[in-house]
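Asks: return a 3D structure for these sequence lines:
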Amino acid sequence: MPLVISDETLKAANLTEQEARVEIACRLFDAGRLHLWPAAQMAGISRVEFEEALMKRGIAPYRMDEEYVRHELAYAEQFAKKRDARDERSDR
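Replies: Next comes the predicted model:
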């Protein structure tokens, strides 16, 4: 079902239709209701443009939660082990 926002409402908010789409998508992303790419698609703009729109509004495009940090730490540990093993081989 399409969402209809009247011209009067857009005029009262001083928004074009495109600006309203971006604003709504940013708010849904900020509330955690949409992920980055689906929100950008809703806004009708590229991912990079959407990231810029988020930053303009003071909304972080990427959020580091505990799970994300754990994943990155595990990856860093694997990388460090591979680097250490490579260094040991080159020292011989």
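Asks: neighbours of Arg83, how many?
Replies: 10 (other C-beta atoms under 10 Å). For the C-beta atoms, the positions are set from N, CA and C on the backbone; glycine is no exception.
Asks: can you spell out which helices and strands pack onto the helix or strand encompassing it?
Replies: Using DSSP states H and E, Arg83 sits in helix 66-91. Of the remaining helices and strands, none touches helix 66-91 by 3 or more C-beta pairs under 8 Å, 6 or more residues apart in numbering; DSSP states H and E.
Asks: show me the contact partners of the helix or strand containing Ala39.
Replies: Secondary-structure assignment from DSSP H and E places Ala39 in helix 36-43. For helix 36-43, contacts defined as C-beta atoms under 8 Å, 6 or more residues apart in numbering pick out 21-22, 24-26, 28-29, 34, 46-47, 49-51, 53, 61-62.
Asks: let's see 10 Å
Replies: Applying C-beta atoms under 10 Å, 6 or more residues apart in numbering, the contact partners of helix 36-43 are 18-30, 33-34, 45-51, 53-54, 61-63.
Asks: those in helices, which ones?
Replies: Mapping the contacts of helix 36-43 onto helices (DSSP state H) picks out 18-30, 47-51, 53-54.
Asks: just the buried residues from these, in PyMOL please.
Replies: The following PyMOL line selects those of the ones in helices among the contacts of helix 36-43 that are buried, judged by 16 or more other C-beta atoms under 10 Å:
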select buried, resi 20+21+22+24+25+26+28+29+30+50+51+53+54
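Asks: so how far is the helix holding Arg83 off the chain centroid?
Replies: 26 Å (C-alpha atoms, centre = their mean, to the nearest Å).
Asks: same deal with stretch 14-21?
Replies: Worked out by C-alpha atoms, centre = their mean, stretch 14-21 lies 20 Å from the chain centre.
Asks: repeat that for stretch 24-35.
Replies: Using C-alpha atoms, centre = their mean, the offset of stretch 24-35 from its chain centre is 9 Å.
Asks: mean confidence for it?
Replies: Averaged across stretch 24-35, pLDDT comes to 96.
Asks: check stretch 3-12 too.
Replies: 95.
Asks: ok, stretch 81-92 next?
Replies: 75.
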